[in-house]
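In: Just to be clear, the model below is a prediction. Sequence and coordinates:
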Protein chains: 4
Amino acid sequence: MAFRIIKLTPNFARMMSTSATKVGFIGLGQMGNRMATNLINKGYKLNVFDVSPEACDAMKAKGAQVYKTTQELAKESEFVVTMLPNNDIVKETYEVMIKDGVNNKTMFVDSSTVDPSVSQYVQKIVSKAGARFVDAPVSGGVMGAQNATLTFMVGGTKEEYEHVKDFLAGMGKKITHCGTYGMGEAAKICNNMMLAISMIGTAETMNLALRLGLDAKVFNEIINSSTGRSWASEINNPVPGLNPGTPPSDGYKGGFSTALITKDLGLASSVATGSNSPIMLGALAHHIYRLMCTHDLGNKDFSVIYDFIKNKSGK
Amino acid sequence: MAFRIIKLTPNFARMMSTSATKVGFIGLGQMGNRMATNLINKGYKLNVFDVSPEACDAMKAKGAQVYKTTQELAKESEFVVTMLPNNDIVKETYEVMIKDGVNNKTMFVDSSTVDPSVSQYVQKIVSKAGARFVDAPVSGGVMGAQNATLTFMVGGTKEEYEHVKDFLAGMGKKITHCGTYGMGEAAKICNNMMLAISMIGTAETMNLALRLGLDAKVFNEIINSSTGRSWASEINNPVPGLNPGTPPSDGYKGGFSTALITKDLGLASSVATGSNSPIMLGALAHHIYRLMCTHDLGNKDFSVIYDFIKNKSGK
Amino acid sequence: MAFRIIKLTPNFARMMSTSATKVGFIGLGQMGNRMATNLINKGYKLNVFDVSPEACDAMKAKGAQVYKTTQELAKESEFVVTMLPNNDIVKETYEVMIKDGVNNKTMFVDSSTVDPSVSQYVQKIVSKAGARFVDAPVSGGVMGAQNATLTFMVGGTKEEYEHVKDFLAGMGKKITHCGTYGMGEAAKICNNMMLAISMIGTAETMNLALRLGLDAKVFNEIINSSTGRSWASEINNPVPGLNPGTPPSDGYKGGFSTALITKDLGLASSVATGSNSPIMLGALAHHIYRLMCTHDLGNKDFSVIYDFIKNKSGK
Amino acid sequence: MAFRIIKLTPNFARMMSTSATKVGFIGLGQMGNRMATNLINKGYKLNVFDVSPEACDAMKAKGAQVYKTTQELAKESEFVVTMLPNNDIVKETYEVMIKDGVNNKTMFVDSSTVDPSVSQYVQKIVSKAGARFVDAPVSGGVMGAQNATLTFMVGGTKEEYEHVKDFLAGMGKKITHCGTYGMGEAAKICNNMMLAISMIGTAETMNLALRLGLDAKVFNEIINSSTGRSWASEINNPVPGLNPGTPPSDGYKGGFSTALITKDLGLASSVATGSNSPIMLGALAHHIYRLMCTHDLGNKDFSVIYDFIKNKSGK
């Protein structure tokens, strides 16, 4: 028969297999609009909501259906992804969205970076209403959102993880199961606290090394093949020129902004307080980045700490 | 001729090639006696000096020649290795050793961990006296000294590095050229400052993660495949059980002692002051380890920081 | 006439003037029960509420009227004082207490230590319901509560401050007006952050001074007449014996507990995050006290930091 | 007789009593030249030495005798005051000055700020040569030097302290006996470490308070009558306008420079390392000031930390 000789393009094939899947997306900011666009490109049918009409219009132009309320959106969606700025907005958004009941086939996925206890609270109210919820914050930044190369850290049951895995793969390349509800958030916050510490430590170490007379390249090779190595020294070394193509080699533009790592460290401080966990270096790192924000470095890659501490007058 | 069919064992061959080489070794402590023993085993003729008669006797029993003064020892040695506890002792030892002149064929190698400015001072007086000097501090600890698997970080000219390279290979497996005089010390101090920071950061991060409910093994895999990774998280993770066969998995015994990393951080603080380099995290790490020393943890592996900060009562 | 020769005792006179004033007290813990008892002793008619029946019974035995709900209590009280453990409990208590309307003559006074934004939120809902609210956290601890020598830091309008001033004087000796709603809390949290820093600084300084060979008494006199002085060095010096009659001279018992200053520093960290204010020393102090809590020092006076850092083995 | 009716002015009387006293002064920098000038004004006969001919000429113009070598100067002086920049220069100056013997009537007074162990070393060599030595560093800065209102912190025996007391009163108004040799230095370094911590703590606290909405003047009164008070909050509050006539109210000009407190903290770090004393806040304060130096704030009053941390864009 005729149709047997049709050679499906991969894109068309993908659209076929997902054409029935309706996805709601709430929060169309820098990250959200790129993630939602990838879902459209993968063939999902997108339902969107944002407080900004412009953000909604932009997605409408790409084929999304815009909703006036999150309640309606959620009822018409098999998956609902939320990508929102903070604890309070996430809580309130879910409280409002489910207050008149839920479609019990809907799987809610919160990709915002928030306190694990917020995820746990939201999971409870969603579950009580009859639907399912996982937290799935991301790393990879705007470029990862753009290129669908994000890492998703998922908190939920094994079954829920399996249920969202392929779907999330439409926006990322690595989907990790971190444990029960909130553990995606916990993993992200903890990993980023460690990263924040490593970066300042690397900046201090490189600066000291250079001031003592070591050659940047030689010393970086030594540290990277020794016990001082970390992601910060190997992949995104804060000294300009050591890793071509990274923010430190391009005026600290792009990358992971100081403002965002400061926000994540604020969450780390908060959960450390809540769990009675001493984080001496973590808390200091938090406030060093915060200091950098007061010096108008919030929108630079966080590796700009190297520039912040090195001697301005060359003395 | 008969000798042509003799098939030399590698060991015998090595002995042959070095049988004429006389090496002086000054400082026969925990590290020094093991390093010196390796040289004897490699076939070098050892001349030794130490303030402790017992230390000298032990080396004599292994075939070394004991000297009463460093001057005589140095005059009879092609290489002189010094392995001494601190800045002042290194300075004074060299001042005394060369005060009546040197054998200008002698190459002096200081493997002590000291301020780079001490190496630079010693290099100057040795050079003025007519001989050569390089700094070559080590990493790898007592086990590395025992097994001849130390890393040597060499500060000197390219020619001097080439001259000592094979000789040092008798005590270590990695011989790195770090730059001019003092740069071996600078590299070691800076690398260890970074390591010190990473370890506390990893301990704080793992502790926080576990208190938030993450599984240690799961979270460690996440961090190690993400931006939070470092030598401390991958190779010597401070949480017992994650890296079998390491100090954290064996009651924090052996390894790199808190007392020694505290000493290295004291040097880092000193060179940071001398070079006007801000080290906020480095200085804090220094005094956290120092605090641990006041709590009698000086002789444990420095990863014991994890045990130091975690909640004692399990609350 | 007969009554002219009656010589009123001050106590009786005071009882007369306040006999008609009904006061509600919610939260009868360590602080609350002592504060409430002082009000009874001053002649106020006490209405009380607590989740613990035992706490209620104890106040009933002193003449207080126990209420089953905060709504009823509030409607029968001219002043309502709340003394509760944390942000969430304060918020929830007020939401419940006023949900069915308020007696618009009631002045609510929250003496809990919480985030200023919580006070501002509660003031708004109380005001909307038709009554008045001020925040009035205290310093002075359990002894101050017992002896009615607390300091109250009041946040509200000038009129509201004047309205509560004499009433609060029944539980304290110093009633300060700090500004608008939340500013009482802000003042307390900020003052205590400074205190927390001073105390660790004093402990480090005294310990260093003594280890360098200075006499504790001599050095303390020097610092107290110089630029290094602070409340911590003058009034509650952490070195045992310098200020007789204080916790450091009595095994660090009583006083201001490490657990409580850690709690206040948790609030300071939180408001610093919320207001984008860098607090490098404040955050580090926070986590040093938190570390001390993990070493089971939470119930000691916070000056025990001196004991925590000094060399245990006398070396 | 005629002379009996001469009523001596206090100044003249003082000149009489000291007219025979020859004083050597070595180190005529910002501090030294002002201190030496005060001695001339008090009637002492000044012998001076400095590596800068201009500095010597300036003192010559005021009546001092300039010496070419410190040896000759010392032999002709009853007191010798040294005011030099650092450890190494103090050590070397004394080694050279006394190498050919001393006038055993000379009392050497080192007013430099150096490591106590340097004072102890110098005392030993001076004593061995047959003369006496005390350390007597100062606080009070350039203004104190100018107005002869310095504080001297003396390390030596009770007798030595009594011997130098009146003499030092010619340059200062408070002469404190701190203990044995080196204890003057120890007291100064420790006091200044505490001051350095208080100032950053006060700046962080004031900034946080203001950002939370407190009025600077109101909050400063609260803190100064409470447990948060210190010299930094009361006398030199870093918020402009709170203490008229101080550096913070005059663009952070003059006062105690960030560069100098950084130098003192470098000494504190060094003696903490040498005495195994943990100084977590002290070390962090050290490197925060050092960071400020890299931002070209070295010559401002150290209270400029307030300006350094507050939000530049007013956000």
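Out: Cool, the structure landed.
In: Quick test: name the residue nearest the centre of chain A.
Out: The residue lying closest to the centre of chain A (CA atoms, centre = their mean) is residue A:138, at 2.9 Å.
In: That one reaches residue A:148, doesn't it?
Out: No: contact criterion CB atoms under 8 Å: residue A:138 and residue A:148 do not qualify, at 11.0 Å. Just so you know, the C-beta spots here come from the backbone N, C-alpha and C atoms, and that holds for glycine as well.
In: which residues are common contacts for those two?
Out: Shared contacts of residue A:138 and residue A:148 (CB atoms under 8 Å, 6 or more residues apart in numbering or on different chains): residue A:172.
In: Not counting its neighbours along the chain, what's nearest residue A:138?
Out: Among residues not flanking residue A:138 along the chain, residue A:150 sits closest, at 4.3 Å (CB to CB, 6 or more residues apart in numbering or on different chains).
In: Near chain D, which residues of the stretch 201-315 of chain A? Just list them.
Out: Within reach of chain D by CB under 8 Å from any CB of the partner chain, the stretch 201-315 of chain A has these residues: A:280, A:284, A:291, A:294, A:295, A:296, A:309, A:310, A:311, A:312, A:313.
In: In contact with the residue of the stretch 151-300 of chain A found nearest chain D, which residues?
Out: At 4.6 Å from chain D, residue A:294 is the closest residue in the stretch 151-300 of chain A, using CB to the nearest CB. By CB under 8 Å, 6+ apart, the residues touching residue A:294 are C:276, C:278, D:309, D:310, D:311, D:312.
In: Which pLDDT value does the model give the second one?
Out: So that's residue C:278. Reported pLDDT at residue C:278 in the predicted model: 98.
In: How many residues are close by it?
Out: By other CB atoms under 10 Å in any protein chain shown, 27 other residues sit near residue C:278.
In: what about it, distance to residue D:308?
Out: As judged by CB to CB, to the nearest Å, residue C:278 and residue D:308 stand 9 Å apart.
In: same deal with the first one?
Out: With distances defined as CB to CB, the gap from residue C:276 to residue D:308 amounts to 15 Å.
In: neighbour count winner among the two?
Out: Neighbours per residue, other CB under 10 Å: of residue C:276 and residue D:308, the larger number sits with residue D:308, 25 against 16.
In: Give the partner strands of the lengthiest strand in chain A in its sheet and their orientations.
Out: Ranked by residue count, the top strand of chain A under DSSP state E comes out as strand A:172-179. Partners of strand A:172-179 in the sheet, by DSSP bridges, are strand A:150-155 (parallel).
In: Other residues contacting the helix or strand just after the partner strand?
Out: Sequence-wise, the next helix or strand downstream of strand A:150-155 (DSSP states H and E) is helix A:158-168. Residues from elsewhere that reach helix A:158-168, judged by CB under 8 Å, 6+ apart: A:21, A:23, A:79, A:107, A:109, A:132, A:134, A:136, A:152, A:154, A:156, A:175, A:177.
In: ditto for stretch A:31-47
Out: When contacts are defined by CB under 8 Å, 6+ apart, stretch A:31-47 is touched by residues A:11, A:14-26, A:28, A:48, A:50, A:55, A:58-59, A:62-67, A:73, A:76-77, A:81, A:83, A:111, A:138, A:142, A:145-146, A:148, A:150, A:170-171.
In: Pipe the contacts of residue A:294 into TSV and attach secondary structure and distance to residue D:88 per row.
Out: Converted to TSV, the contacts of residue A:294 look like this (DSSP: H, G, I helix; E, B strand; the rest coil; distance: CB to CB, whole Å):
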residue	secondary structure	distance to residue D:88
C:276	coil	44
C:278	coil	36
D:309	helix	34
D:310	coil	38
D:311	coil	42
D:312	coil	39
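In: Look up the closest residue to residue A:215, ignoring the ones flanking it.
Out: residue B:179 (5.9 Å).
In: Could you double-check that the one you found sits in contact with residue A:213?
Out: Yes: contact criterion CB under 8 Å: residue B:179 and residue A:213 qualify, at 6.7 Å.
In: can you tell me the helix or strand for the residue in the stretch 101-250 of chain A positioned nearest to chain C?
Out: Using CB to the nearest CB, the closest approach of the stretch 101-250 of chain A to chain C is made by residue A:117 at 10.8 Å. Assigned by DSSP H and E, residue A:117 belongs to helix A:116-129.
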